[in-house]
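Enquirer: Give me coordinates for this.
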Amino acid sequence: MYTKLPRELRNMVYEALCPTDELIRLADPVCGPIWAGSEQYHVLDSDYVGNEVAIEAAETYYSRNHFDVDVGILDHFLSAQLPGGLKPYDLISHIRVRSGDEQVYKYIYMDGALDYDGLKLQLEYIRMVSTKLQHLKPLRLMNRLNIEFCVLTVNWWNPGYRFGLPLLTEVHLFNILETLRDTMYELKFASAKVTLTCDSFTDDRDYYDADNGTQEDSEEHDVAMETDEYSMRRDMTNLLALTEERWRKEQVGDSTWAPGKSFLSLLLPTYENDSNDPMVLLFRNNLERRWGTRHLLER
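Expert: Numbers count the residues shown, from 1 in each chain. This is a model prediction of the structure:
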């Protein structure tokens, strides 16, 4: 194909085979973004079509498609070896990075609070996210990059959650936002288009159900999740309100709020939603100073 067709015609072949209208979602490091048997599989296989064609096809595939990647496998995805020594971070233009630890939320809803193990789990997750985000650094100079940071949480106002503890959910969300903060601003001020959203886990269900949400309650939950009243997804990009000058001052410590100062102190169990509780007031004040709002999950 490389020797028989001019580049213009080869481009037409790549345009027909590589782009897809569907979001390509990745959650398992073992499973790459190209499935064996898919239309793209052979045209991206250098053993099948030759190195030159595979390189050209990879350029179209990664630059034209939208990828949805769990933060835990971000390094595997971005640094995957492609034909010709290319890597996905050289090519991608649209990516959604998902974060949010469902196990932490299970601790919250099953135990009513975060005990030592729950707090340890949350801190380990936050550290993992911080480490994985370092792999986004090669993307800083890509002014054509569109990147969405999607923080997953549980839909605590859904009728299935009869004993929801929204404050602890909000604190965990805040902790993740703090971990994402510097990376989001770095990309934003490097001319990338940065979007911040919040959504619920796709298998969101009532953890208090004895049947684990598999029967009647689960059906009611699914119907409720499809209505606007209980929709969790929301655009939170307006939280990224700092000017570059203000953010730079924050980076060098020439600000009241040094990087990372505000969330580690909040890794504490909070058992009540009492708005006058000192820990709740501390959380609300920190939230307002860091993100310009006193509530992250208002209806």
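
Enquirer: Give the helix, strand or coil label for residue 96.
Expert: Following DSSP: H, G, I helix; E, B strand; the rest coil, the label given to residue 96 is strand.

Enquirer: Tell me, how many residues neighbour it?
Expert: 20 (other CB atoms under 10 Å). (Each C-beta comes from the backbone N, C-alpha and C, glycine too.)

Enquirer: Could you do residue 193 as well?
Expert: For residue 193, using other CB under 10 Å, the count is 15.

Enquirer: Which stretches in the protein count as helices?
Expert: Assigned by DSSP state H, the chain shows helices spanning 7-17, 46-49, 51-64, 74-78, 102-111, 116-133, 166-188, 216-225, 244-251, 278-291.

Enquirer: Worst mean pLDDT among these?
Expert: When these are ranked by mean pLDDT, helix 216-225 comes last with a mean of 43.

Enquirer: okay if I get the helices of the chain as TSV plus mean neighbour count and distance to residue 200?
Expert: Listed next are these as TSV, based on neighbours: other CB atoms under 10 Å; distance: least, CB to CB, whole Å:
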stretch	mean neighbour count	distance to residue 200
helix 7-17	14	34
helix 46-49	14	40
helix 51-64	21	29
helix 74-78	20	21
helix 102-111	18	10
helix 116-133	17	17
helix 166-188	22	11
helix 216-225	15	7
helix 244-251	14	29
helix 278-291	16	20
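
Enquirer: Turn those helices into JSON lines, columns for distance to residue 152.
Expert: Below are the helices of the chain laid out as JSON lines (distance: least, CB to CB, whole Å):
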{"stretch": "helix 7-17", "distance to residue 152": "32"}
{"stretch": "helix 46-49", "distance to residue 152": "36"}
{"stretch": "helix 51-64", "distance to residue 152": "24"}
{"stretch": "helix 74-78", "distance to residue 152": "15"}
{"stretch": "helix 102-111", "distance to residue 152": "7"}
{"stretch": "helix 116-133", "distance to residue 152": "12"}
{"stretch": "helix 166-188", "distance to residue 152": "9"}
{"stretch": "helix 216-225", "distance to residue 152": "14"}
{"stretch": "helix 244-251", "distance to residue 152": "25"}
{"stretch": "helix 278-291", "distance to residue 152": "18"}
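
Enquirer: looking at those helices, which is closest to residue 95?
Expert: helix 74-78 (8.5 Å; CB to CB).

Enquirer: quick one on the thing from earlier: minimum distance to residue 238: which of the helices of the chain has it?
Expert: Of all the helices of the chain, helix 278-291 comes closest under CB to CB, at 9.6 Å.

Enquirer: what angle sits between that closest one and helix 244-251?
Expert: Angle of helix 278-291 versus helix 244-251, following axes from the mean of the first three to the mean of the last three CA atoms, to 10 degrees, is 130 degrees.

Enquirer: elements contacting helix 278-291?
Expert: Under the contact definition 3 or more CB pairs under 8 Å, 6 or more residues apart in numbering; DSSP states H and E, helix 278-291 sits against helix 166-188.

Enquirer: Could you export the helix it packs on as PDB, CA atoms only?
Expert: Extracted in PDB, the C-alpha atoms of helix 166-188 (Å, rounded to 0.1, in the frame of the first residue of the first chain):
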ATOM      1  CA  PRO A 166     -22.600  13.600  51.400                       C
ATOM      2  CA  LEU A 167     -20.000  15.500  53.500                       C
ATOM      3  CA  LEU A 168     -17.500  12.600  53.400                       C
ATOM      4  CA  THR A 169     -18.200  12.200  49.700                       C
ATOM      5  CA  GLU A 170     -17.500  15.900  49.200                       C
ATOM      6  CA  VAL A 171     -14.300  15.800  51.300                       C
ATOM      7  CA  HIS A 172     -13.000  12.900  49.100                       C
ATOM      8  CA  LEU A 173     -13.900  14.800  46.000                       C
ATOM      9  CA  PHE A 174     -12.100  17.900  47.300                       C
ATOM     10  CA  ASN A 175      -9.000  15.800  48.100                       C
ATOM     11  CA  ILE A 176      -8.900  14.500  44.500                       C
ATOM     12  CA  LEU A 177      -9.400  18.000  43.100                       C
ATOM     13  CA  GLU A 178      -6.400  19.200  45.200                       C
ATOM     14  CA  THR A 179      -4.300  16.400  43.700                       C
ATOM     15  CA  LEU A 180      -5.400  17.400  40.200                       C
ATOM     16  CA  ARG A 181      -5.000  21.100  40.800                       C
ATOM     17  CA  ASP A 182      -1.400  21.800  39.600                       C
ATOM     18  CA  THR A 183      -1.600  19.600  36.600                       C
ATOM     19  CA  MET A 184      -4.900  21.200  35.400                       C
ATOM     20  CA  TYR A 185      -3.500  24.700  35.800                       C
ATOM     21  CA  GLU A 186      -0.200  23.700  34.100                       C
ATOM     22  CA  LEU A 187      -2.000  22.400  31.100                       C
ATOM     23  CA  LYS A 188      -4.400  25.300  31.000                       C
END
